[in-house]
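Student: Everything below, folded, please.
(one chain, ligands or ions: 2)
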Amino acid sequence: MNLAVTPLAQSLVSPDWTLLRNLGIGLVVVVWLATAYWTFKDARRRIEDPWLIALATLVGLFPPFLGPIIYMFLRPPEYIQDARERELEIKAMEERLSRLDQRCPVCRARVEPSYLVCPVCTTRLKQACPGCGQPLESLWQVCPYCATEIPPGLPSFEDVSATQRRSSRRTTASDN
Ligand SMILES: [Zn+2]
Ligand SMILES: [Zn+2]
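Tutor: Ligands and ions are numbered 1, 2, ... in the order given. You can find the predicted model right below:
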């Protein structure tokens, strides 16, 4: 009778340690791989160089669990996406500022986009539309205000400023 009870009692008192140990090891490995995968995913959003991403993933793997913490201290502070958006914003702001800060190519006086002539040095800045007299940008092929087609013969802003600069240089040269 004793012989029959003993194995049952034993299995109740002492659980299957091998199974528990294997489950524990499995859990630790899963968590370890998950932290390494997190490191890889985070590195991909912050680093562009594929070799550095691979290196960060390696650090995420070894030393286990400590690696991701080391990586967190060393990783770039912001996402690539955020950095790109910020660069675009800065560029757009600079463009807006440069549009606000238009200057006469000859005397550097501040001019408005609507000016046809520099009020300080009388340099011709833009051509007026033959139909409505609005100032025209150099790239426009048709007037946006009255839909008059702009004849290709009209010199653009750049051409005008170039000839003005040349003529002003010529006058200063003849003055000397
Ligand atoms: Zn001027
Ligand atoms: Zn017009």
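Student: and the residue most central in space within the chain, what element?
Tutor: The centroid of the chain falls nearest to Arg84 when counting by C-alpha atoms, centre = their mean (1.3 Å). For Arg84, the element it lies in under DSSP states H and E is helix 80-100.
Student: what do you get for Gly131?
Tutor: Per DSSP H and E, there is no helix or strand for Gly131.
Student: the helices in this protein, which residues?
Tutor: For the chain, applying DSSP state H gives helices covering 2-13, 17-46, 50-61, 66-74, 80-100, 157-175.
Student: which other helices and strands contact the shortest one?
Tutor: What it means is helix 66-74. Applying 3 or more C-beta pairs under 8 Å, 6 or more residues apart in numbering; DSSP states H and E, one finds that helix 66-74 contacts helix 17-46, helix 50-61. From N, CA and C alone the C-beta is placed, and that goes for glycine too.
Student: Which of the ones you listed sits closest to ligand 2?
Tutor: Among the helices and strands packed on helix 66-74, helix 17-46 comes nearest to ligand 2, with 50.1 Å by C-beta to the ion.
Student: Report the buried residues of the closest one.
Tutor: By 16 or more other C-beta atoms under 10 Å, the buried positions in helix 17-46 come out as Trp32, Thr35, Ala36, Thr39, Phe40, Asp42, Ala43, Arg46.
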